[in-house]
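Asks: heads up, no residue letters with this:
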């Protein structure tokens, strides 16, 4: 069974640009969560999608958005990039997202904003 | 409010020795799960071990064991027989029902294994 995949793995963008990151969950999984990891703030929850609906949201500005498609693949978008958006973005998938023990992480996308 | 505290920013251990990484948590929920993840320099989060709040026995997975003390709200990770490949960042994390099942992570502990 293939694991969670994220594309691209590395990305360099310029301040003010926008970026879209993609996450393909494990086959059959319908919940996708996104996390941001920075040296200063650590790992922080961004949002969670289930069956194409955002079910949970962290404390991030509106520049961060996401969506989920009918095949459960998810994308997150960051508009008007700032230097502080440089981070490792991780997604995680699970069957329902309502099981305490189940969460599988992808390898992450490392975004650098210059 | 849910919170995870890892008080050891960095730890050194001699190869083949055991090491304990500390983790305390704060929650008012009765149903929660505790995790430990390993993150090497590549960035991927590698699942190590899970402990449910209702599990009576401490979880074990190979060389990893979780010392779960519910009354003290601690969930320390014990790595036995350390190997050079264990050098990495280690995160303690928690998911709880009241928190909407999102995962909260601690700040992490960087482990260095010396030959």
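Replies: Nice, thanks for sending it over. The model shown is predicted, which means the values in this text are computed figures rather than measured ones. Numbers count the residues shown, from 1 in each chain, chains lettered A, B, ... in the order given.
Asks: Next up, the contacts around the nearest residue to residue B:14 once chain neighbours are set aside.
Replies: Among residues not flanking residue B:14 along the chain, residue B:114 sits closest, at 5.4 Å (C-beta to C-beta, 6 or more residues apart in numbering or on different chains). (Each C-beta comes from the backbone N, C-alpha and C, glycine too.) By C-beta atoms under 8 Å, 6 or more residues apart in numbering or on different chains, the contact set of residue B:114 is B:12-15.
Asks: Is stretch B:20-37 positioned near chain A?
Replies: Yes - counting by C-beta under 8 Å from any C-beta of the partner chain, chain A has neighbours in stretch B:20-37: B:31-33, B:35, B:37.
Asks: That stretch: how far from the chain's middle?
Replies: Stretch B:20-37 has its C-alpha centroid displaced from the chain centroid by 8 Å (C-alpha atoms, centre = their mean, to the nearest Å).
Asks: got the buried residues for that stretch?
Replies: B:21-25, B:27, B:32-37 (16 or more other C-beta atoms under 10 Å in any protein chain shown).
Asks: so where is the chain shaky, pLDDT-wise?
Replies: Defaulting to chain A. A:1 (pLDDT under 70).
Asks: meant chain B, my bad for not saying
Replies: If you take pLDDT under 70 as the line, chain B has these spans: B:1.
Asks: Output the set of residues of it in proximity to chain A.
Replies: B:31-33, B:35, B:37, B:42-45, B:47, B:50, B:52, B:91, B:93, B:95-97, B:100-108.
Asks: Among the residues you listed, name the ones in strands.
Replies: B:32-33, B:35, B:37, B:47, B:50, B:52, B:91, B:93, B:95-96, B:103-105 (DSSP state E).
Asks: Identify, from those residues, the entry nearest to residue B:75.
Replies: Looking at these and their distance to residue B:75, the nearest is residue B:35, at 8.8 Å (C-beta to C-beta).
Asks: Does the closest one touch residue B:47 like I think?
Replies: Yes - here residue B:35 reaches residue B:47: they are 6.9 Å apart, a contact under C-beta atoms under 8 Å.
Asks: Lovely, talk soon.
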